[in-house]
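*Asks:* have a look at this prediction, sequence included:
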Amino acid sequence: MGDTGPTGPVMDRDEVDRALARLGAEHEAIETSLLALQDHAGRRLLEGAELTGVTVERWAAAEASITLLWTCFDAYTGALRTAREIRSRRRWSSREDLAELTELLRGDAVTLAGSTVATANAPTAHGGPGRLSERYTLATLVERMNQLYATSLDMVVAADAVWSALPARIDLLAAELQRTRRLAHSVGVRPGEHPSGDDLERITRTLTRLRERVVSDPLAFWSPARGSSAPGGGRPDTTVYDREARALEEVRREIDAVLAVRQDAEQRIVRLRDVLSRADRTLAEARTARGEVLAKIAATEVPVVGGPPIVLQEQLAAAAEYRRHAQWHRLSPLLESLEEKAEDELLRARESLTAVTAPLAVRAELRGRLDAYKAKMARLGHAEDPELAEKYEKARRMLWSAPCDLRVAEQAVLRYQRAAAELLGAAPRVPGQGGPVDRTGPGT
């Protein structure tokens with residue numbers, strides 16, 4: 001057709017029918033979405049909840065948007081109904097009908113009151129909220145409804161996601177908290193008496209406040225997804241919940257440690273007594289050995305042997321008292337500290353014994369070396385050498401006399417070794433012995 005109007009060329013019957021079919025499909029899709037939004041569990045919860053904070057502000061705006069959305073949809077429905085009635089007047093629409101349909105389907109044929117738009121606080125493409133009314137084409141009205149729907153659904157989905165995720169998790173954690181508190185009380189972990197008892201009280205208060213805030217202001221715990229424009233893009237913010245869950249797990253591990261102490265406290269105390277007793281016996285042996293060394297070894301420094309630490313015995317007695325009165329929360333750290341200190345004490349006692357008996361070990365090594373060289377020289381046929389025998393007797397007297405001067409005795413042994421080496425170097429090969437003469441030491 002060649003006729004034109006304010007909206008452009010007049011549509012023919014086929015264009016009108018295609019436009020009506022498309023608009024009808026859009027109408028059905030929009031209606032389905034609106035009904036789904038109306039029945040959304042999150043929207044019903046928002047309507048009935050006592051909201052606070054950012055959620056109450058955004059819900060007020062969302063309610064206005066939903067109201068405007070239905071107003072737009074009603075206007076859209078009315079315009080579509082009118083267009084269908086015009087098209088159904090006659091099988092072959094007249095030019096006047098087609099011109100009217102073109103204006104209705106393509107022109108600014110839908111009017112909304114300006115107060116309605118202003119209430120929703122939503123700007124339009126046709127002016128600000130001060131206008132008495134706003135006019136839309138059906139296409140721009142669909143765009144407007146899509147915008148209102150997306151923003152409203154985003155708010156509803158976000159609130160519903162937080163409510164679906166956090167309160168249930170908080171309740172489960174609170175139930176675990178109550179079980180942990182009962183268990184803690186049974187082993188003496190109480191507020192004011194043990195740090196873990198204070199932690200349980202703090203976690204309880206935090207979870208109570210957290211649940212109240214989540215219920216009244218769910219959007220305060222929503223983290224939108226960056227770069228996402230889809231409604232409900234994001235996730236619940238579980239930072240506070242996760243922190244308290246970790247804190248409760250730490251308390252639970254502490255209580256498990258206390259329970260373990262209760263179960264094997266007697267065995268651990270017995271083991272501690274045994275370790276400390278061995279340390280005492282080792283120190284006593286070191287003191288006895290020191291007296292022997294001072295009597296047998298001359299001109300040497302012998303370290304003083306300290307006594308057993310009284311503080312460990314006092315702490316062990318305190319541990320036994322804690323076990324007797326079922327004060328497991330106090331017994332647990334004390335036993336851990338005592339076990340480490342007791343092992344250190346046993347190591348110190350052994351090191352002290354080793355240090356004290358070191359001169360005797362040196363004397364024994366010199367005796368063994370002297371006798372080994374003598375046996376070697378006898379095996380090689382030099383047992384009767386007078387000079388060698390004289391040096392041997394001098395070294396032997398020094399090593400087997402008391403007190404023994406280790407420095408002088410060591411020099412005597414070295415003189416015997418040098419004399420033996422010189423003798424072996426000048427002597428012919430011993431009959432019956434194959435191979436070169438051994439010059440390295442007393443071995444065979």
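*Replies:* Everything's here; your move.

*Asks:* I figured residue 72 hits residue 143, correct?
*Replies:* No. Using Cβ atoms under 8 Å, residue 72 is not in contact with residue 143, being 10.3 Å away. Bear in mind the C-beta positions are built from the backbone N, C-alpha and C, glycine included.

*Asks:* more neighbours, those two?
*Replies:* Set residue 72 next to residue 143 and count neighbours by other Cβ atoms under 10 Å: residue 72 wins out with 24 against 12.

*Asks:* okay, the more buried one: pLDDT?
*Replies:* Residue 72 is assigned 92 on the pLDDT scale.

*Asks:* and if you look at residue 87?
*Replies:* Looking at residue 87, its pLDDT is 82.

*Asks:* gap between it and residue 258?
*Replies:* 83 Å (Cβ to Cβ, to the nearest Å).

*Asks:* look at these two and report which has more neighbours.
*Replies:* residue 258 (24 against 21).

*Asks:* which residues does that one contact?
*Replies:* Neighbouring residues of residue 258 by Cβ atoms under 8 Å, 6 or more residues apart in numbering: 187-189, 328-329, 332.

*Asks:* which helix or which strand is home to it?
*Replies:* Element membership for residue 258 (DSSP states H and E) is helix 239-296.

*Asks:* would you mind giving the domain segments of this structure?
*Replies:* Listed domain ranges for the chain are 4-155, 161-260, 261-356, 360-426 (source: automatic domain parsing).

*Asks:* can I get stretch 268-277 as CSV, trimmed to CA atoms?
*Replies:* Output of stretch 268-277 as CSV, limited to C-alpha atoms (Å, rounded to 0.1, in the frame of the first residue of the first chain):
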residue,chain,number,x,y,z
ARG,A,268,50.0,-40.5,80.7
ILE,A,269,50.7,-39.6,84.3
VAL,A,270,52.3,-43.1,84.9
ARG,A,271,54.5,-42.6,81.8
LEU,A,272,55.5,-39.1,83.1
ARG,A,273,56.5,-40.6,86.5
ASP,A,274,58.5,-43.2,84.7
VAL,A,275,60.4,-40.7,82.5
LEU,A,276,61.1,-38.4,85.4
SER,A,277,62.2,-41.4,87.5
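
*Asks:* from the chain's centroid, how far away is that stretch?
*Replies:* Between the centre of stretch 268-277 and the centre of its chain there are 35 Å (Cα atoms, centre = their mean, to the nearest Å).

*Asks:* which outside residues touch it?
*Replies:* Residues from elsewhere that reach stretch 268-277, judged by Cβ under 8 Å, 6+ apart: 261, 308, 312-313, 316, 319-320, 323, 335, 338-339, 342-343, 345-346.

*Asks:* for the buried ones among the residues you listed, write the corresponding ChimeraX selection.
*Replies:* Filtering the contacts of stretch 268-277 down to the buried ones (16 or more other Cβ atoms under 10 Å) takes a single ChimeraX command:
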select :261,308,312,316,319,320,323,335,338,342,345,346
